[in-house]
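*Asks:* need the 3D shape of this:
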Amino acid sequence: MTIKVNIHDAKTSLSKLLTHVKEGREVIIAKSGKPVARLVPYSEPDIKRLPGSAKGQVLFTNDINEPLTGEILESFEV
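*Replies:* Just a heads-up that it's a prediction; the model follows:
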């Protein structure tokens, strides 16, 4: 079940909305009737990060601080 509220109501009843979220409901916060945010129950990520797991797999060259070439910059263009 989804609950839709405007920003003013969300500010004045945040605790109540969080109770709904804890119960598994989704809350949509809207501004002028247009959705801008979604509150959903928090869940821990499935994958645990392991510091150092990419050791030896990343290579930095001596030109790491140099400007990117035009060819590389073009590859980022949309």
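
*Asks:* tell me how far the residue lying farthest from the centre of the chain lies from V5.
*Replies:* Most distant from the centre of the chain: N62, at 33.4 Å, with distances by Cα atoms, centre = their mean. Distance, N62 to V5, by Cβ to Cβ, to the nearest Å: 55 Å. Where C-beta positions appear, they are placed from N, C-alpha and C, glycine not excepted.

*Asks:* in what helix or strand does V58 lie?
*Replies:* V58 belongs to no helix or strand when assigned by DSSP states H and E.

*Asks:* so how far is I64 from it?
*Replies:* Distance, V58 to I64, by Cβ to Cβ: 11 Å.

*Asks:* now do A54
*Replies:* According to Cβ to Cβ, A54 and I64 sit 17 Å apart.

*Asks:* shaky segments in the chain?
*Replies:* 78 (pLDDT under 70).

*Asks:* centre of the chain to the longest helix seen in it, how far?
*Replies:* Under DSSP state H, the helix in the chain containing the largest number of residues is helix 14-22. Between the centre of helix 14-22 and the centre of its chain there are 20 Å (Cα atoms, centre = their mean, to the nearest Å).

*Asks:* do stretch 35-51 as well
*Replies:* On the basis of Cα atoms, centre = their mean, stretch 35-51 sits 8 Å off its chain's mean C-alpha point.

*Asks:* so for that stretch, what gets flagged as buried?
*Replies:* L39 (16 or more other Cβ atoms under 10 Å).

*Asks:* first to last residue in it, what's the distance?
*Replies:* One end of stretch 35-51 to the other measures 37 Å (Cα to Cα, to the nearest Å).
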